[in-house]
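# coordinates for the following, if possible.
(4 chains)
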There are 2 protein chains.
Amino acid sequence: MSKSVRRAALIIDSIAEGPKTVVELSQMFELHRSTMFRELQSLEEVGYVHRRKSGQYTLGLHLISLSKLAFDNLDLREAAHDHIRRLHKVVGNTVHLAALMESSIVYVDKVEDPNGVRMYSRIGKAVLPYCSGVGKAILADLDEGGRNAVLAGSTWEKFTEHTITSRDALDRELEIVKKQRWAADDREFEDFVNCVAVPIHSSMGVVGALSVTAIRMVQNLPQLKTHLPLMQQTAELISRELG
Amino acid sequence: MSKSVRRAALIIDSIAEGPKTVVELSQMFELHRSTMFRELQSLEEVGYVHRRKSGQYTLGLHLISLSKLAFDNLDLREAAHDHIRRLHKVVGNTVHLAALMESSIVYVDKVEDPNGVRMYSRIGKAVLPYCSGVGKAILADLDEGGRNAVLAGSTWEKFTEHTITSRDALDRELEIVKKQRWAADDREFEDFVNCVAVPIHSSMGVVGALSVTAIRMVQNLPQLKTHLPLMQQTAELISRELG
DNA sequence: CCGGTTGATGCAAATACTGCAACACTGCGA
DNA sequence: TCGCAGTGTTGCAGTATTTGCATCAACCGG
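Below you'll find the predicted structure:
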């Protein structure tokens, strides 16, 4: 284990919590000022941190570039690529794929009919875990700690009359989801949209979810539910590829 | 300059170009296999790379977490925060702020009327540079190399009858934008939406742009243009803060 | 079963890093 | 204007970490 890599990463994580000066960081890490200065100089040169005119260091832009590429190479995204396109062909609706990141859930792929109702692209965006099918499908299979991490920043904003707006209510819903092994978004985020979602597991536990979404006038929730067996088969195929 | 930091970053960049094995990387970097193995082990432990079962290394999830935080700490975003909220109060329309990243343009902030027409959130998403006001405002002030980098991945997809769909046509438009120091999106992406945008400069050159956007039935383009003097003043104030 | 490749690790030599000391620069207050 | 404190920056010898070698374990395919 490389001490220098670990230390660099710890410094970056510290800066990620909030901008800091050389002196602050040297005290935090019990390093001489000149050592910390050189370390930050190096990290800035490779774009991982950025020095403001005020003397504070913040995270650098190169991390943003790298994250885009990290996103594209996600195992789940690659494993699911063909399967969700096949699923879309059969069910005809928009299929979303969401991945569990460290403490958030993100839409990582989407298949929709180019000639159908056009949904605004959501790939890359964080899922609101408490009012989305995929969010609930993933949360249901997380332990308490995992749930807490994902829900830590939730504002519990009410989008529609159906939105779940408290942790207690969500936990009750998640017990049901865990048992039935699928989740629904029943007009909880947008009044005219609903979906059903199933979790995807790997040997490491739940890693994501896939959902089938429709405008209510096209397919209502009972109709969407008819797709659940195929969706669960699809999730199983993806899980196999993930190992 | 820390050799270990530079080398770690180069390895990460190499993996960012595509997944690779220990042996491939050890040959590329002319390191002994065991050295490269240890390096990757360290990078994996801090979440910057991830080893697949196949033995290939890809970028790690921690980069995605860090990029979100990097985004929140952007200098431009902080400098512009109060100014664009004041601008919104005066003009009443949705105000967008976009930043030039390394080779892309991203929406980094937005102010809209909570009781007005609700536009789906775009923060964090890449701007399509060739058919957006902010994209054109930034491109106009970039040199040839910068433009090429930003436009490298453009598909020139045609969204409406007004979309610019070739580099030549865009370059002609950018000459006009550069002269007049503002840009417009005249129904080029969405038929019922248009906006005007102005660039924001720092001592390093153009770093972003701000725009005022409206649905056509609410305010048409000539009406939006009346906001340009105030927008340009706002951009100037932000530039001053950036230094 | 055998051979080749990859995953993984102890050790001494090689290399890189570190704190010290010092200087340059900037901003603030007297 | 001057002095002081704090930050930015760098050469050098002592210290710490890394490196390649050698080796073993595990896995896969013929």
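
# in the helix or strand that contains A:Val212, what's buried?
Secondary-structure assignment from DSSP states H and E places A:Val212 in strand A:205-215. In terms of neighbour count (16 or more other CB atoms under 10 Å in any protein chain shown), strand A:205-215 has its buried residues at A:Val206, A:Val207, A:Gly208, A:Ala209, A:Leu210, A:Ser211, A:Val212, A:Thr213, A:Ala214, A:Ile215. (C-beta placed from N, C-alpha, C; glycine too.)

# quick check: the second one touching A:His201?
Yes - taking CB atoms under 8 Å as the contact criterion, A:Val207 and A:His201 are neighbours in contact, 6.6 Å apart.

# so what pairs up with the spatially most central residue of chain A in the strands?
Centroid-nearest residue in chain A, with CA atoms, centre = their mean: A:Ile105, separated by 2.0 Å. With DSSP bridges as the criterion, A:Ile105 is bridged to A:Leu100.

# OK, contacts around the residue lying closest to A:Glu112 once chain neighbours are set aside?
Once flanking residues are discounted, A:Glu112 sits nearest to A:Thr94: 4.2 Å by CB to CB, 6 or more residues apart in numbering or on different chains. For A:Thr94, the contact set (CB atoms under 8 Å, 6 or more residues apart in numbering or on different chains) comprises A:His88, A:Lys110, A:Val111, A:Glu112, A:Asp113, A:Gly116, A:Met119, A:Val212, A:Thr213, A:Ala214.

# so the residue nearest to A:Leu97 when sequence neighbours are not counted, which state does it fall into?
Nearest non-adjacent residue to A:Leu97, counting by CB to CB, 6+ apart: A:Asp109, 4.0 Å away. Here A:Asp109 takes the strand state, with states given by DSSP: H, G, I helix; E, B strand; the rest coil.

# which residues touch A:Asp109?
A:Arg77, A:Ala80, A:His81, A:Ile84, A:His96, A:Leu97, A:Ile123.

# picking up where we left off before, list residues touching both of A:Val207 and A:His201?
A:Leu242.

# ranges for the helices of chain A?
Secondary structure of chain A (DSSP state H): helices located at A:3-16, A:22-28, A:33-45, A:62-72, A:75-91, A:133-140, A:144-151, A:167-180, A:221-225, A:228-242.

# got the end-to-end distance for stretch A:151-168?
12 Å (CA to CA, to the nearest Å).

# the residue lying closest to A:Leu69 once chain neighbours are set aside: how many residues sit nearby?
Nearest in space to A:Leu69, with sequence neighbours left out and distances taken as CB to CB, 6+ apart, is B:Ala16 at 4.5 Å. Residues lying near B:Ala16 (other CB atoms under 10 Å in any protein chain shown) number 21.

# helices or strands up against the helix or strand of chain A with the lowest mean pLDDT?
In chain A, no helix or strand scores lower on mean pLDDT, DSSP states H and E than helix A:62-72, which sits at a mean of 83. Using 3 or more CB pairs under 8 Å, 6 or more residues apart in numbering or on different chains; DSSP states H and E, the elements in contact with helix A:62-72 are helix B:3-16, strand B:57-59, helix B:62-72.

# thinking again about what came up before, OK, contacts around the residue nearest to A:Leu69?
A:Ser65, A:Leu66, A:Leu69, A:Ala70, B:Leu59.

# reformat those as a markdown table; add neighbour count and distance to DNA strand D.
Output for the contacts of B:Ala16, formatted as a markdown table (neighbours: other CB atoms under 10 Å in any protein chain shown; distance: CB to the nearest atom of the strand, whole Å):
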| residue | neighbour count | distance to DNA strand D |
| --- | --- | --- |
| A:Ser65 | 20 | 24 |
| A:Leu66 | 25 | 21 |
| A:Leu69 | 17 | 24 |
| A:Ala70 | 27 | 24 |
| B:Leu59 | 26 | 21 |
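
# could the residues you listed go into a markdown table alongside distance to A:Ser26?
Output for the contacts of B:Ala16, formatted as a markdown table (distance: CB to CB, whole Å):
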| residue | distance to A:Ser26 |
| --- | --- |
| A:Ser65 | 28 |
| A:Leu66 | 26 |
| A:Leu69 | 32 |
| A:Ala70 | 30 |
| B:Leu59 | 30 |
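
# out of the residues you listed, who's nearest B:Val127?
A:Ser65 (15.1 Å; CB to CB).

# show me what contacts the closest one?
A:Gly47, B:Ala16, B:Met101, B:Glu102, B:Ser103, B:Ser104.

# could I get these in TSV, plus columns for distance to A:Glu241 and pLDDT?
Putting the contacts of A:Ser65 into TSV (distance: CB to CB, whole Å; pLDDT from 0 to 100) gives the following:
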residue	distance to A:Glu241	pLDDT
A:Gly47	34	90
B:Ala16	23	91
B:Met101	33	82
B:Glu102	33	74
B:Ser103	32	78
B:Ser104	31	83
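
# burial of A:Asp168, as a residue count?
The burial count for A:Asp168: 8, using other CB under 10 Å.

# got the domain ranges for chain A?
As given by automatic domain parsing, the domain ranges for chain A are A:3-66, A:74-242.

# near DNA strand C, which residues of chain A show up?
A:Ser4, A:Arg7, A:Leu31, A:His32, A:Ser34, A:Thr35, A:Arg38, A:Glu39 (CB under 7 Å from any atom of the strand).

# give the bridge partners for the residue nearest to A:Glu112, please.
Going by DSSP bridges, A:Thr94 forms beta bridges with A:Thr213.

# could you check how far it is from A:Val218?
10 Å (CB to CB, to the nearest Å).

# related to what we said a few turns ago, now the contacts of A:Thr94 in a markdown table, with distance to A:His227?
Listed next are the contacts of A:Thr94 as a markdown table, based on distance: CB to CB, whole Å:
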| residue | distance to A:His227 |
| --- | --- |
| A:His88 | 11 |
| A:Lys110 | 16 |
| A:Val111 | 14 |
| A:Glu112 | 15 |
| A:Asp113 | 15 |
| A:Gly116 | 16 |
| A:Met119 | 17 |
| A:Val212 | 5 |
| A:Thr213 | 11 |
| A:Ala214 | 10 |
